[in-house]
Structure formats: structure tokens, C-alpha cells
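Enquirer: Pasting a predicted model and its sequence here:
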Amino acid sequence: MRVLVIGSGAREHALLLALRRDPEVTELAVAPGNAGTAIVADQYDVDITSGDAVVKLAQRIGADLVVVGPEVPLVLGVADAVRSAGIACFGPTKDAARIEGSKSFAKDVMAAAGVRTATSEIVDNPANLDAALDRFGPAGGDPSWVVKDDGLAAGKGVVVTADRDAARAHAASLLDSGHPVLLESFLDGPEVSLFCVVDGETVVPLLPAQDFKRVGDDDTGPNTGGMGAYAPLPWLPADTVAAIVDDIVKPVAAELVRRGSSFSGLLYAGLALTSRGPAVVEFNCRFGDPETQAVLALLDSPIGRLLHAAATGQLAEQAPLQWREGAAVTVVLAAENYPGRPRVGDVITGSEADGVLHAGTTRRDDGAIVSSGGRVLSVVGTAADLVAARDAAYALIKSIRLPGSHFRSDIGLAAAEGRVSV
Ligand code: GLY
């Protein structure tokens with residue numbers, strides 16, 4: 001099977017490495033990729049937001065399967081174009097990708113499916129902002145305001161704060177740039193990322209994971225695209241994944257089918273385990289980054305076959321997934337100033353070791369690998385337990401040199417110390 005992966009992050013690097021372990025996958029290609037993915041796949045520089053460009057590339061290389069990693073091409077309809085050209089595609093249609101692309105659409109689907117989520121209100125008129133802020137946050141009985149961009153914002157459109165001025169400033173700047181704002185009630189409790197391979201009403205969950213969105217240790221500082229993750233979750237009660245699948249993911253998948261927006265691809269449920277049970281923070285229409293790097297490191301089943309089955313309507317016939325024992329921890333190395341405008345162009349050393357997954361990297365003409373984005377790379381440590389997996393990940397990240405870079409030192413720490421409970 002020839003597989004073309006679309007994207008350029010550490011998530012796509014992890015997908016490529018997992019695909020390479022599948023004996024049915026004979027050839028790998030990636031577009032546009034990065035300095036790390038170029039080592040494992042043929043790399044093509046095409047505009048991945050253009051359905052035409054992706055279809056032409058898939059036809060040129062004879063791809064049997066296209067796997068679309070990031071949300072932007074999915075929301076723009078790239079998977080629709082690939083399917084229309086008769087090529088199997090792992091990734092939802094533009095219509096179904098609205099579960100991530102429009103938070104108001106997602107809220108509507110969840111309400112119809114009877115799924116618990118935060119109460120919310122869309123504000124699109126600045127004149128209504130102050131009154132709406134008074135219904136949320138401490139003014140409305142919550143510890144914090146949750147202010148989100150209604151559309152895509154790479155994880156950085158969310159501000160959670162107990163400071164009304166900060167909440168108001170974020171909402172006002174979104175409205176100023178023409179983006180409707182979603183105000184939400186605050187969902188308390190540990191967060192879980194549950195990735196499910198979905199085709200219509202068939203739902204196959206992967207291992208649960210937890211990611212760390214704030215830039216600083218102890219969840220301080222602004223939100224990022226994700227600074228680290230671990231899987232599985234030793235503190236999660238054994239029946240929770242099945243309950244999330246039955247009570248949340250299956251009803252949402254069924255509601256999308258009912259609306260004629262059937263989902264095929266990876267449905268990512270971001271949840272908070274509140275005192276009243278699991279509640280949805282958000283749905284995403286693709287694999288999450290950096291959780292994918294940890295989850296796929298533990299997958300033993302052939303992923304090419306799994307993704308191809310979902311893309312061709314045969315997911316229900318697949319054998320149950322097999323997982324390696326143990327734990328995996330991902331830690332992200334970020335460029336100076338990330339999540340603000342990152343410093344780029346610095347030479348990285350030590351990034352070609354096993355377990356290093358590239359994201360914002362590029363190879364310079366002289367052969368050096370240099371930084372080219374905010375999240376520069378991820379390291380993955382796998383071991384028999386979470387403590388040892390953390391040790392492996394941190395030993396690896398400390399062996400990499402990138403001037404001005406930073407990483408969180410507490411990924412998976414609370415869970416490793418038994419300090420997370422539901
Ligand atoms: N881990 C957060 C995301 O992928 O959106």
C-alpha cells in the first residue's frame with residue numbers, strides 16, 4: 001500500500017513511523033513534511049490547503065490511501081476532493097469537519113445528541129459583550145471565564161482566566177478581527193483526550209491520553225498547541241473509556257449520520273472528568289498533537305490497515321486493536337518566545353536520535369537542521385511505567401541543543417506521583 005500523509009508536524013512524523021511498522025505499507029510519501037519526515041518518506045512541497053494540488057500529487061505517486069493530518073485542509077474540503085478522485089482518504093468531509101471548524105455547530109450536534117458539555121453563548125456583537133461576560137466566569141458563579149474563538153485557532157484561541165479584564169480583552173480582540181466569540185462555563189476536573197477511529201456509526205477508541213496546553217509548568221502562562229502528553233492514564237477508572245464511547249462519541253457519530261454529515265476519520269473527544277461525569281470540552285476532526293506521538297508509540301496493530309479500513313467502510317470488520325504494555329510520554333521542545341512569535345533559523349543538534357519527532361524543522365542547504373516554527377520537535381519516551389517513560393523522554397530532550405528553546409518539566413508528573421484522581 002502506498003500512503004501519502006498530509007501535514008508537517010510531529011503528529012505526521014509519528015503517523016509515518018507507525019505506518020512504516022505496518023508490513024502492508026510499502027511506500028510512504030508526505031507533503032509538505034519537515035526535516036525529520038524527509039528521512040522516512042518521499043517529500044513533496046505542495047499547497048496542502050488545495051484539494052486540487054493534493055489530488056494531483058496523490059495521482060502522480062499512485063497513492064492507495066491519503067491520510068490528512070491537520071484540521072485546516074479538512075475544514076477546507078481536501079478529503080472531499082481526494083475521495084471524489086476515487087482515492088481512499090482518511091479524514092472527514094468538509095461538512096463533518098465542522099465538528100471542529102465551528103464550535104457553534106459542535107454545540108448544536110452535542111445538544112441534539114444529548115451529550116454533556118459546557119453551557120455556552122456566542123457573541124458576535126461587541127455591544128453585547130459586557131452583559132454576556134456577566135453571565136459567565138466568577139460573575140456567573142464559575143472560577144474562571146472561558147473565552148474561545150468560534151473558528152479554528154490552533155489551540156491558541158482559548159483564554160481561561162479569572163481576570164475579567166483579560167477575558168474581555170481577548171474577546172474584544174477576536175470581535176475586532178471579525179471572529180465570533182464563544183463564552184463557556186468552566187468544566188472542572190482532569191482532562192482526557194480520547195481519539196476514536198470513526199466511520200459512520202462505527203467507533204474504535206484508541207488509548208486515552210492527557211495533554212498539557214499551557215506553556216509553563218503547573219499549567220501557567222498562555223495556551224499553546226500542546227506542550228506534552230502521556231498515555232495511557234493510570235488514574236482513569238477501567239470502565240471510563242467504554243462509557244465515553246457509549247454515552248458521548250457514539251451518540252455524536254450517530255447524530256452526524258442523521259444530519260447527512262457522516263464522519264469518517266479520527267474523531268478526537270477532549271473531555272473533562274467533572275464531578276457529574278465526563279463532559280466534552282471540544283471535539284476535533286483529526287489526530288491531536290502531541291497526544292498522537294505518545295498513543296501511536298504504544299500501538300501494536302498495523303495502522304495502515306486500520307486507517308484504510310476506516311477510509312473504505314470496513315472499520316466494523318477489523319480485529320480489536322493490540323497495544324504494547326507500558327507507558328509513553330511526549331515532551332515538546334518549543335522555540336524561544338513560543339507561543340508568541342517564535343525565533344526561527346537556529347541550528348538544532350541531537351535531533352536525529354530515535355524517539356525524536358520533528359515539527360518546525362527544515363534542512364538548510366549546508367545540511368544543518370534548523371528551527372522553522374514554534375513547536376520545533378517532540379521527544380517520545382516509552383517504558384514499562386510512567387515514571388520510567390518520563391525519565392526516558394527527559395533524558396532525550398536534554399540531549400538536544402537549540403538556542404533559546406524551552407520545554408515543560410512536569411509532563412505526566414502529577415500522574416506519575418499518584419496526584420491525579422477523578
Ligand atoms: N492536543 C491538542 C490538539 O491537538 O488540539
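Expert: Received it, and whenever you're ready, just let me know what you need.
Enquirer: give me the element Val3 is part of.
Expert: Using DSSP states H and E, Val3 sits within strand 2-7.
Enquirer: Output the contacting helices and strands for that strand.
Expert: In terms of contact count using 3 or more Cβ pairs under 8 Å, 6 or more residues apart in numbering; DSSP states H and E, strand 2-7 is assigned the packing partners helix 10-20, strand 27-32, helix 51-61, strand 65-68. (Each C-beta comes from the backbone N, C-alpha and C, glycine too.)
Enquirer: State the paired neighbours of it in the sheet, together with their directions.
Expert: strand 27-32 (parallel), strand 65-68 (parallel) (DSSP bridges).
Enquirer: Now for the residue in the stretch 201-350 of the chain that the ligand sits nearest to, how many residues are close by?
Expert: Residue nearest to the ligand within the stretch 201-350 of the chain (Cβ to the nearest ligand atom): Gly288, separated by 3.3 Å. Look at Gly288: counted by other Cβ atoms under 10 Å, it has 23 neighbours.
Enquirer: ok, now Ala162?
Expert: 13.
Enquirer: give the contact list for it.
Expert: Gly137, Pro138, Pro143, Ser144, Trp145 (Cβ atoms under 8 Å, 6 or more residues apart in numbering).
Enquirer: Help me confirm that the third one is found in a helix?
Expert: So that's Pro143. No - assignment of Pro143 by DSSP: H, G, I helix; E, B strand; the rest coil gives coil, placing it outside any helix.
Enquirer: In the stretch 51-200 of the chain, where is pLDDT below threshold?
Expert: 153-156 (pLDDT under 70).
Enquirer: What ranges does it have for its helices?
Expert: For the stretch 51-200 of the chain, applying DSSP state H, counting those that start in this stretch gives helices covering 51-61, 71-75, 78-84, 98-101, 103-113, 129-134, 164-176.
Enquirer: Next, format these as JSON lines and append distance to Thr312.
Expert: As requested, those are exported to JSON lines (distance: least, Cβ to Cβ, whole Å):
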{"stretch": "helix 51-61", "distance to Thr312": "15"}
{"stretch": "helix 71-75", "distance to Thr312": "18"}
{"stretch": "helix 78-84", "distance to Thr312": "10"}
{"stretch": "helix 98-101", "distance to Thr312": "21"}
{"stretch": "helix 103-113", "distance to Thr312": "25"}
{"stretch": "helix 129-134", "distance to Thr312": "45"}
{"stretch": "helix 164-176", "distance to Thr312": "40"}
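Enquirer: how about these in JSON lines, adding distance to Thr274 and mean neighbour count?
Expert: Shown next, in JSON lines, are these (distance: least, Cβ to Cβ, whole Å; neighbours: other Cβ atoms under 10 Å):
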{"stretch": "helix 51-61", "distance to Thr274": "39", "mean neighbour count": "18"}
{"stretch": "helix 71-75", "distance to Thr274": "26", "mean neighbour count": "23"}
{"stretch": "helix 78-84", "distance to Thr274": "33", "mean neighbour count": "22"}
{"stretch": "helix 98-101", "distance to Thr274": "21", "mean neighbour count": "23"}
{"stretch": "helix 103-113", "distance to Thr274": "15", "mean neighbour count": "19"}
{"stretch": "helix 129-134", "distance to Thr274": "22", "mean neighbour count": "15"}
{"stretch": "helix 164-176", "distance to Thr274": "21", "mean neighbour count": "17"}
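Enquirer: To Arg363, which of the ones you listed lies closest?
Expert: Closest to Arg363 of these is helix 51-61 (Cβ to Cβ; 20.4 Å).
Enquirer: Pull the residues that contact that closest one.
Expert: By Cβ under 8 Å, 6+ apart, helix 51-61 touches 2, 4, 6, 27, 29, 31, 42, 44, 46-48, 63, 66, 73, 76-78, 80-82, 84-85, 87.
Enquirer: Distance to the ligand for the strands paired with strand 2-7 - can I get that in CSV?
Expert: As requested, those are exported to CSV (distance: least, Cβ to the nearest ligand atom, whole Å):
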stretch, distance to the ligand
strand 27-32, 19
strand 65-68, 14
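Enquirer: which residue is nearest the centroid of this structure?
Expert: Nearest residue to the geometric centre of the chain (Cα atoms, centre = their mean): Gly288, 1.5 Å.
Enquirer: residue contacts, that residue?
Expert: Arg11, Ser193, Phe195, Ala209, Asp211, Gly226, Ala229, Tyr268, Gly270.
Enquirer: Next: Ala35.
Expert: Taking Cβ under 8 Å, 6+ apart, one finds Ser351, His358, Thr361, Thr362, Arg363, Ile369 in contact with Ala35.
Enquirer: got the phi/psi numbers for the second one?
Expert: The phi and psi values for His358, taken as degrees, to the nearest 10, are phi -90, psi 150.
Enquirer: circling back to that earlier point, out of the contacts of Ala35, which touch the ligand?
Expert: The subset of those within reach of the ligand, by Cβ under 6 Å from any ligand atom, is empty.
Enquirer: The stretch 101-250 of the chain: strands as residue ranges?
Expert: In the stretch 101-250 of the chain, the strands defined using DSSP state E, counting those that start in this stretch lie at 120-123, 145-149, 159-161, 181-184, 191-199, 202-205, 210-211, 214-216, 220-223, 228-231.
Enquirer: can the shortest one be found next to the ligand?
Expert: Yes - using Cβ under 6 Å from any ligand atom, we find that strand 210-211 touches the ligand at Asp211.
Enquirer: Please compute how far that strand lies from its chain's middle.
Expert: 10 Å (Cα atoms, centre = their mean, to the nearest Å).
Enquirer: Name every strand pairing with that strand and say which way it goes.
Expert: strand 228-231 (antiparallel).
Enquirer: and what of the fourth one?
Expert: Strand 181-184 pairs in its sheet with strand 120-123 (antiparallel), strand 145-149 (antiparallel), by DSSP bridges.
Enquirer: Need the residues that contact that strand.
Expert: 103-104, 107, 118-124, 129, 132-133, 135-136, 145-150, 171, 174-175.
Enquirer: what about 7 Å?
Expert: 103, 118, 120-123, 132-133, 136, 145-148, 150, 171, 174-175 (Cβ atoms under 7 Å, 6 or more residues apart in numbering).
Enquirer: could you dump it to CSV, C-alpha only?
Expert: Extracted C-alpha coordinates of strand 181-184, given in CSV (Å, rounded to 0.1, in the frame of the first residue of the first chain):
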residue,chain,number,x,y,z
VAL,A,181,-16.6,34.6,20.4
LEU,A,182,-17.8,31.6,22.3
LEU,A,183,-18.2,32.1,26.1
GLU,A,184,-18.4,28.9,28.0
